[in-house]
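*Asks:* sharing a model prediction with you, sequence too.
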Amino acid sequence: MMTTHIALLRAINVGGRDVGMERLRALFAELGLANVRSYIQTGNVFFEAPARQMAGLTAKIEKHLSFALKYEVSVFLRTLPDLESALAAAPFRGKEPAPHERHLVMFLSAPIPGTVTLPHCSPKGYCELLHASGSEAFVVIRVEKGKVPNATAFLEKTFGLKCTARMYHTCLKILEAAKFKPDKN
């Protein structure tokens, strides 16, 4: 049975790590993944593969992308039900952020330890981890003097996990785009 997977890539098209979406889709197709599509330039790729292939697929994609692009690419795979479930757990679901705030979904390489007391704030209070559900964390960042804090660095340093971030409203759009099945005719 084929399952739609969502690959959330870290650090694509930032800091000189440029890759066109056509090339990125081709790299995924080279792995034998079906119906490869992308959404916006920030490294969101959808594809279909047998559900049984999920184990080891992240490492296989990371290795292939790193070899082809000549830099490390962290990949965070989710299925449609995974992403739907995660977004349903968002503590800011249905709420608009204050003008100086941003609502983020952090996709993690592993769950945050259950011993962490939530909410958990960064030392200067710019980043507040509100909720964690599986390998997703829901974070509010506070913009100070026009500067957007780096929530990824905060979580990675605090918990020793790899992660990538997407704005909550972007995640909703990613989910809808991943559900769309283009007409093959």
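*Replies:* Cool, got the structure. Numbers count the residues shown, from 1 in each chain.
*Asks:* OK, contacts around Lys60?
*Replies:* Shown in contact with Lys60 (Cβ atoms under 8 Å, 6 or more residues apart in numbering): Leu31. Heads up, the C-betas are built off the backbone N, CA and C, glycines and all.
*Asks:* name the SS class of it, please.
*Replies:* Following DSSP: H, G, I helix; E, B strand; the rest coil, Lys60 is assigned to helix.
*Asks:* against Ala29, how distant is it?
*Replies:* Separation of Lys60 from Ala29 (Cβ to Cβ, to the nearest Å): 14 Å.
*Asks:* low pLDDT regions in this protein?
*Replies:* Applying pLDDT under 70 to the chain picks out residues 182-185.
*Asks:* tell me how it divides into domains.
*Replies:* Split into domains by automatic domain parsing, the chain comes to 2-79, 84-173.
*Asks:* what's the end-to-end length of the shortest one?
*Replies:* In terms of Cα to Cα, to the nearest Å, the two terminal residues of domain 2-79 are separated by 11 Å.
*Asks:* offset the numbering so it begins at 32, please.
*Replies:* Done: numbering now begins at 32, and the last item shifts to domain 33-110.
*Asks:* just the strands in the protein please.
*Replies:* Using DSSP state E, the strands of the chain run over 33-40, 65-70, 75-81, 106-110, 132-139, 151-152, 158-164, 167-173, 194-198.
*Asks:* got these as TSV, with mean neighbour count columns?
*Replies:* Output for the strands of the chain, formatted as TSV (neighbours: other Cβ atoms under 10 Å):
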stretch	mean neighbour count
strand 33-40	20
strand 65-70	17
strand 75-81	20
strand 106-110	20
strand 132-139	22
strand 151-152	16
strand 158-164	19
strand 167-173	23
strand 194-198	20
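*Asks:* for the ones you listed, give me a markdown table that also has distance to Pro122.
*Replies:* Supplementary listing: the strands of the chain in a markdown table, determined by distance: least, Cβ to Cβ, whole Å:
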| stretch | distance to Pro122 |
| --- | --- |
| strand 33-40 | 20 |
| strand 65-70 | 24 |
| strand 75-81 | 23 |
| strand 106-110 | 19 |
| strand 132-139 | 9 |
| strand 151-152 | 13 |
| strand 158-164 | 5 |
| strand 167-173 | 5 |
| strand 194-198 | 15 |
